[in-house]
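Q: Here is a sequence with its predicted model. Questions after.
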Amino acid sequence: MGVDGWVSVWSGGWREVVAVVVRGDQPGGERWDGVARYALLPLRVFLGVTFVYAGLDKLTDSSFMRDAGAGSVGEMMRAVRDSSALPALVDLALKSPVGFGWAIAVGELAVGIGTLLGLFARPAALGGVLISLSLWLTVSWASDPYYYGNDLPYLMAWIPLVLAGAPLLSLDALRRARRQGAGG
């Protein structure tokens, strides 16, 4: 909608503005589905870039992939063990802190790349849910108040992508179009 469209909406008064913002109508009563189709794209880009960055950060940080020492995954897991919601999960990670660090880093990288490319977008988003859930129940569980921890908002942000996938600007959409073209 160009500037003229917004001027037209505004000149129609608050009812017309509400129709555009709340219902997605364009002036004249048409649905504004063109823009709404892209609503999940910024979330997909943000989560994809963030998880790629988080995975690469862990893989390139020489102190992170160690059993012990400042900044190591082992030290971090020992520090959160008694305050986590699932100490048994932390104990499992502490059996091989470096292996757990590699699993998280590679998982974040795979989830991020899959999300950015829209390749197996729903399974990638489910991976994001599982990583965020495990980090929320272990690392950020003790955040007080709870909304200071960042893993719960990431967990909630992944859910729309699990439900919707990546229907636009994605390799999944390209694969779907090719299958439909070949079948019909």
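A: That came through fine.

Q: Please, where are all the helices along this structure?
A: 3-11, 14-18, 33-36, 41-60, 73-80, 87-94, 97-117, 121-138, 151-164, 171-183 (DSSP state H).

Q: out of these, which comes closest to D144?
A: With distances scored as C-beta to C-beta, the stretch of the helices of the chain nearest to D144 is helix 151-164 (12.6 Å). Any C-beta I mention is one placed from the backbone N, CA and C, and that applies to glycine too.

Q: Show me what the closest one is in contact with.
A: 40, 43-44, 46-47, 50, 115, 121-122, 124-126, 128-129, 132-133, 135-136, 139-140, 146-147 (C-beta atoms under 8 Å, 6 or more residues apart in numbering).

Q: rerun that using 6 Å as the cut-off
A: 40, 122, 125-126, 128-129, 132-133, 135-136, 140 (C-beta atoms under 6 Å, 6 or more residues apart in numbering).

Q: got the helices of the chain as TSV, with mean neighbour count columns?
A: Listed next are those as TSV, based on neighbours: other C-beta atoms under 10 Å:
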stretch	mean neighbour count
helix 3-11	12
helix 14-18	11
helix 33-36	10
helix 41-60	17
helix 73-80	19
helix 87-94	16
helix 97-117	19
helix 121-138	21
helix 151-164	17
helix 171-183	11
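
Q: can you redo the ones you listed as CSV with mean pLDDT?
A: Listed next are these as CSV, based on pLDDT from 0 to 100:
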stretch, mean pLDDT
helix 3-11, 43
helix 14-18, 54
helix 33-36, 69
helix 41-60, 97
helix 73-80, 96
helix 87-94, 96
helix 97-117, 97
helix 121-138, 97
helix 151-164, 97
helix 171-183, 89
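
Q: want to throw these into a markdown table with distance to R66?
A: Formatted as a markdown table, those follow (distance: least, C-beta to C-beta, whole Å):
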| stretch | distance to R66 |
| --- | --- |
| helix 3-11 | 56 |
| helix 14-18 | 56 |
| helix 33-36 | 47 |
| helix 41-60 | 12 |
| helix 73-80 | 6 |
| helix 87-94 | 13 |
| helix 97-117 | 7 |
| helix 121-138 | 18 |
| helix 151-164 | 22 |
| helix 171-183 | 36 |
